[in-house]
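> Sequence plus predicted model, see below.
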Amino acid sequence: MKLATLQAQLPDFEIRLLTLADQEDLLRLEQSNPQYHQYFSPEPLTMTEVQHDLTAHPDELAAAQKQVFGFYLAHRLVAVVDLLNQYPQEQFLFIGLLMVNRAYQRKSVGRVIVTGLMQATLASNIKVIQLTRVTADEGVARFWEGLGFEDGNQLFLPLRAGGRLPVTTMSRLLQ
């Protein structure tokens, strides 16, 4: 996804590719959503985990296929979208994470970002957007369903602390 293509669809935001230099902003954003982190670990969120969030990608992908976009309003990071380009197939875009700062939730910020992302994706000749969501999070399921995404398979992610987290794939064919 080209930054300019995404920015053209969402002109009200200042959009930047996040790097390790932005990890403090990302930490604050993630800390505003403690429930999300608790799905993966009972321990407090650390800077090491934030660094991992900025750089981790599936082994079969090149690092350049991962992009983490930060969405700013009034110079404040209000949302982040983690994307994997051409994953799991060539004409797919995989959303690894969409997170909106708690203070901006339920104010259409997430919906506006995803709608703009879908328009930018179409302009980039991508045919399908896919993601996984925590199966137990019904609010997230309703959010994505409201944007036309449909449930797929249920998978189980291994957790570092042991156990497995049930997640559900969701996808949307773009037209």
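Cool, the structure landed.
> can you list contacts of the worst-scoring helix or strand of the chain on mean pLDDT?
When the helices and strands of the chain are scored by mean pLDDT, DSSP states H and E, helix 34-40 comes last with a mean of 79. By Cβ atoms under 8 Å, 6 or more residues apart in numbering, the residues outside helix 34-40 that reach it are 30, 45, 49, 99, 134, 136-137, 159-160, 165. Yep, even glycine has a C-beta here, placed from its N, CA and C like the rest.
> Could I have the CA atoms of the helix or strand just after that helix written out in CSV?
Following helix 34-40 in sequence order, the next helix or strand is helix 47-55 (DSSP states H and E). The C-alpha atoms that make up helix 47-55 are tabulated as CSV, following Å, rounded to 0.1, in the frame of the first residue of the first chain:
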residue,chain,number,x,y,z
MET,A,47,8.2,-1.6,25.1
THR,A,48,9.8,-4.8,23.8
GLU,A,49,6.3,-6.0,22.7
VAL,A,50,5.6,-2.7,21.1
GLN,A,51,8.9,-3.0,19.1
HIS,A,52,7.9,-6.5,18.1
ASP,A,53,4.5,-5.2,16.9
LEU,A,54,6.3,-2.7,14.7
THR,A,55,8.6,-5.3,13.1
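> What average pLDDT does helix 47-55 get?
Taken as a whole, helix 47-55 carries a mean pLDDT of 89.
> And stretch 146-162, by the same measure?
90.
> Need the distance between the two termini of it.
33 Å (Cα to Cα, to the nearest Å).
> ok so, going back, so of the contacts of helix 34-40, which two are at opposite extremes in space?
Glu49 and Ala136 (20.6 Å; Cβ to Cβ).
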